[in-house]
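Novice: Sharing a model prediction with you, sequence too.
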Amino acid sequence: QVQLVESGGGLVQAGGSLRLACASSGRTFNGYTMGWFRQAPRKEREFVAGISWSGAKTLYADSVKGRFTISRDGAKNTVFLQMSSLTSEDTAVYYCAVDSRRSGLVITNMRTAYDIWGQGTQVTVSS
């Protein structure tokens, strides 16, 4: 069973940057598509970014395109989310997730496609 642990969240001023990391324990997730989601208070969990197994393909929500970058380091079994130009709208709990039931070539923004989730890390952007 793959377990995921997010880190890197915290409090940052508007316009600042943060880098989130998602590390796995147990089996490697190198062959799978990975995604980042976020959930703000009183809102649905929403897709932020996804990356294919090799890192060659990425997908972003329109709201973060050009500001966030997803990447992965296979040797470290870690996926990153570099966030810049943060605004108060980015305040949320950020979750990483694995799509372990399908080809690692496909990236989807559908929450239900991801079957393994981390506990989340809080990101708070002060204005």
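Specialist: Done, it's in.
Novice: remind me which residues of this structure are low pLDDT?
Specialist: 1-2 (pLDDT under 70).
Novice: In which helix or strand does the most centrally placed residue in it reside?
Specialist: By CA atoms, centre = their mean, the chain has its centre lying nearest to residue 36, at 2.1 Å. Here residue 36, judged by DSSP states H and E, is contained in strand 33-39.
Novice: Counting by contacts, list what that strand packs against.
Specialist: Helices and strands touching strand 33-39, by 3 or more CB pairs under 8 Å, 6 or more residues apart in numbering; DSSP states H and E, are strand 18-25, strand 46-51, strand 68-73, strand 78-83, strand 92-99. Any C-beta I mention is one placed from the backbone N, CA and C, and that applies to glycine too.
Novice: Identify whichever of those strands lies nearest to residue 120.
Specialist: Comparing the helices and strands packed on strand 33-39 by their distance to residue 120 (CB to CB), the top pick is strand 92-99, with 4.2 Å.
Novice: Now do that closest one: which elements does it pack against?
Specialist: So strand 92-99, by 3+ CB pairs under 8 Å, 6+ apart, packs with strand 3-7, strand 18-25, strand 33-39, strand 78-83, strand 116-117, strand 121-126.
Novice: Double-check residue 4 against residue 120; I have them as touching.
Specialist: No: the criterion here is CB atoms under 8 Å, and residue 4 misses it with residue 120 at 9.9 Å.
Novice: just to revisit the earlier point, any idea which of the helices and strands packed on strand 92-99 is most buried?
Specialist: By mean neighbour count, with neighbours taken as mean count of other CB atoms under 10 Å, strand 33-39 ranks first of the helices and strands packed on strand 92-99 at a mean of 24.
Novice: That one pairs with which strands, parallel or anti?
Specialist: In the sheet, strand 33-39 lines up against strand 46-51 (antiparallel), strand 92-99 (antiparallel) (DSSP bridges).
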